[in-house]
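K.L.:
next input, structure requested:
(4 chains)
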Number of protein chains: 2
Amino acid sequence: MPRRDELLAIAAGLFAEKGFKNTTVRDIAEASGILSGSLYHHFDSKESMVDEILTSFQDELFAKYDEVLASDDDARSKIERAVRLSFEAIDQHRHEVAIFQNEADYLGTFDRFAYLAERNAQSRDVWITLLTEGVRSGALRSDLDIELTYRFIRDTVWVAVRWYRPGKKLTHTAVADQYLTILLDGIAHA
Amino acid sequence: MPRRDELLAIAAGLFAEKGFKNTTVRDIAEASGILSGSLYHHFDSKESMVDEILTSFQDELFAKYDEVLASDDDARSKIERAVRLSFEAIDQHRHEVAIFQNEADYLGTFDRFAYLAERNAQSRDVWITLLTEGVRSGALRSDLDIELTYRFIRDTVWVAVRWYRPGKKLTHTAVADQYLTILLDGIAHA
DNA sequence: GTCCCAACCAAACAATTGCTTGGTAGGCTA
DNA sequence: TAGCCTACCAAGCAATTGTTTGGTTGGGAC
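P.N.:
Below is the predicted model of the structure:
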């Protein structure tokens, strides 16, 4: 792995754990075994680091969403795939997901990170499309408030990044199974 | 309202909106129409401000949890009440909830805020008790992973603070209704 | 053997941070 | 009128912040 990518990975870990503002360039440097000034040989600012971390992650993620949308599965299968895809992302890119979850609001106030709001809108489009299709096809109950259900699913899925740790008791597919069961059929006794 | 409480409310708003570390004492002072040094007439540190904000909120919240636990409603009613209670808190103390959601992890690393972890454990106890009771009484499905269901509910409910705004289209009771419908019966067509 | 270049160091910079100090304005009480 | 108290100001301090600058090192290319 190129040194540059190593440093980005280290920075991502710190940003995810302590927050962006709360992580100093000296923290990143120390964790990397170098001095803070040396970071500026690789990157031109601390902001550039998060920027790069977030964009490359999102490019990858949204490509997968597009795949699901474009497929000719039935509505329910698409929703299931979209949910599983998110837990997979949490499993494989948990630092990036955490940063996006925790810092998007703050970073979004800068022009440079305007794309965060766009991606947010894009993700909303995906889900509203899937849910609308689900209701129309009869796969989902017709009394759902689509907008609210979208927020419910979005929050519910991504917030798992706060406690999920790969390699522990639960695999990400097991978590996705349980979440989908609850989401689709509820927790009440049938 | 005493000046001191006014300042605390202003600080809470800023902490919730921009984060604790990201809010300077000068921000708080400016929003209050005074100079930063003058804040130290009322409080002895910035940390004391969050501390006071969080403890008073949590004291109030957990007193209500205890009421639910102590009541002799059936299991399902208790769960419903506990959920509604949370949305009520989001409605009435959204700054405090937001601060707790966003900063608990970071603040928890300081000795002074060790009580945050205790409160977290306490909240877990409440929910595990309710869910266990629910499964045993037959109100909830017996194939639930209790621990995971607890996290699901906890996250799902509190994360709504990110988008819910009082006085908008949806009342907090309407949101609670929808959330409970999804949580209990799922989104799939019956 | 010279050159180059990526990776780093050492030291400093200005700005911003939380916080301290000594003082003052004005209202209430005796 | 004197004393006191709450709420504030004005000015500054030391520490920490992101960033810059000029120089050094070690390995590979020619």
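K.L.:
now do the same for the residue nearest to the spatial centre of chain A: its pLDDT.
P.N.:
The residue lying closest to the centre of chain A (C-alpha atoms, centre = their mean) is residue A:97, at 3.8 Å. Reading off the confidence values, residue A:97 has pLDDT 98.
K.L.:
closest point of chain A to DNA strand D, which residue?
P.N.:
residue A:37 (2.6 Å; C-beta to the nearest atom of the strand). The C-beta positions use only the backbone N, C-alpha and C, and glycine is treated the same way.
K.L.:
how deep is that residue tucked in, by neighbour count?
P.N.:
10 (other C-beta atoms under 10 Å in any protein chain shown).
K.L.:
same thing with residue A:150?
P.N.:
With other C-beta under 10 Å as criterion, residue A:150 counts 21.
K.L.:
skipping adjacent residues, who's closest to the residue of chain A closest to DNA strand D in space?
P.N.:
residue A:29 (8.0 Å; C-beta to C-beta, 6 or more residues apart in numbering or on different chains).
K.L.:
quick one, what contacts that neighbour?
P.N.:
A:35, A:36, A:37, A:38, A:39 (C-beta atoms under 8 Å, 6 or more residues apart in numbering or on different chains).
K.L.:
near DNA strand C, which residues of chain A?
P.N.:
Contact residues (C-beta under 7 Å from any atom of the strand) of chain A with DNA strand C: A:2-4, A:7, A:29, A:33-38, A:41-42.
K.L.:
name the nearest residue to the residue in chain A that chain B sits nearest to, sequence neighbours excluded.
P.N.:
Closest residue of chain A to chain B, C-beta to the nearest C-beta: residue A:186 (3.6 Å). Distance criterion C-beta to C-beta, 6+ apart; nearest residue to residue A:186, sequence neighbours excluded, is residue B:186 at 3.6 Å.
K.L.:
for that neighbour, which residues are in contact?
P.N.:
Applying C-beta under 8 Å, 6+ apart, the residues near residue B:186 are A:182, A:183, A:184, A:185, A:186.
K.L.:
hang on, the earlier thing: what subset of the contacts of residue A:29 is buried?
P.N.:
residue A:39 (16 or more other C-beta atoms under 10 Å in any protein chain shown).
K.L.:
which one of the contacts of residue A:29 is nearest to residue B:138?
P.N.:
The shortest gap between residue B:138 and any of the contacts of residue A:29 belongs to residue A:39, at 59.0 Å (C-beta to C-beta).
K.L.:
contacts only, for the nearest residue to residue A:24 once chain neighbours are set aside.
P.N.:
Computed as C-beta to C-beta, 6+ apart, the closest residue to residue A:24 that is not its neighbour in sequence is residue A:36, at 7.8 Å. For residue A:36, the contact set (C-beta under 8 Å, 6+ apart) comprises A:24, A:25, A:26, A:28, A:29.
K.L.:
run the last query once more with 7 Å
P.N.:
Residue A:36 makes contacts with A:25, A:26, A:29, as judged by C-beta atoms under 7 Å, 6 or more residues apart in numbering or on different chains.
K.L.:
what's the distance between the residue of chain A closest to DNA strand D and residue A:26?
P.N.:
10 Å (C-beta to C-beta, to the nearest Å).
K.L.:
return the residues of chain A in contact with chain B.
P.N.:
Within reach of chain B by C-beta under 7 Å from any C-beta of the partner chain, chain A has these residues: A:18-19, A:21-22, A:106, A:138-141, A:144-145, A:148-149, A:151-152, A:155-156, A:159, A:162-163, A:175, A:178-179, A:182-190.
K.L.:
please, where are all the helices along chain A?
P.N.:
Along chain A, the stretches classed as helices by DSSP state H are A:3-18, A:25-32, A:46-70, A:75-92, A:94-107, A:114-136, A:146-158, A:172-185.
K.L.:
angle of the fourth one against helix A:46-70?
P.N.:
With axes from the mean of the first three to the mean of the last three C-alpha atoms, to 10 degrees as the criterion, the two stretches helix A:75-92 and helix A:46-70 enclose an angle of 150 degrees.
K.L.:
for DNA strand C, what's its nearest residue on chain A.
P.N.:
Nearest residue of chain A to DNA strand C, counting by C-beta to the nearest atom of the strand: residue A:37, 2.8 Å away.
K.L.:
report pLDDT for that residue.
P.N.:
pLDDT recorded at residue A:37 is 92.
K.L.:
let me know whether residue A:146 touches residue A:133 as I believe.
P.N.:
No - when contacts are counted by C-beta atoms under 7 Å, residue A:146 is not listed as touching residue A:133 (10.6 Å).
K.L.:
give me the buried entries from the contacts of residue B:186.
P.N.:
Members of the contacts of residue B:186 classed as buried by 16+ other C-beta under 10 Å are A:182, A:183, A:184, A:185, A:186.
K.L.:
right, I'll leave it there.
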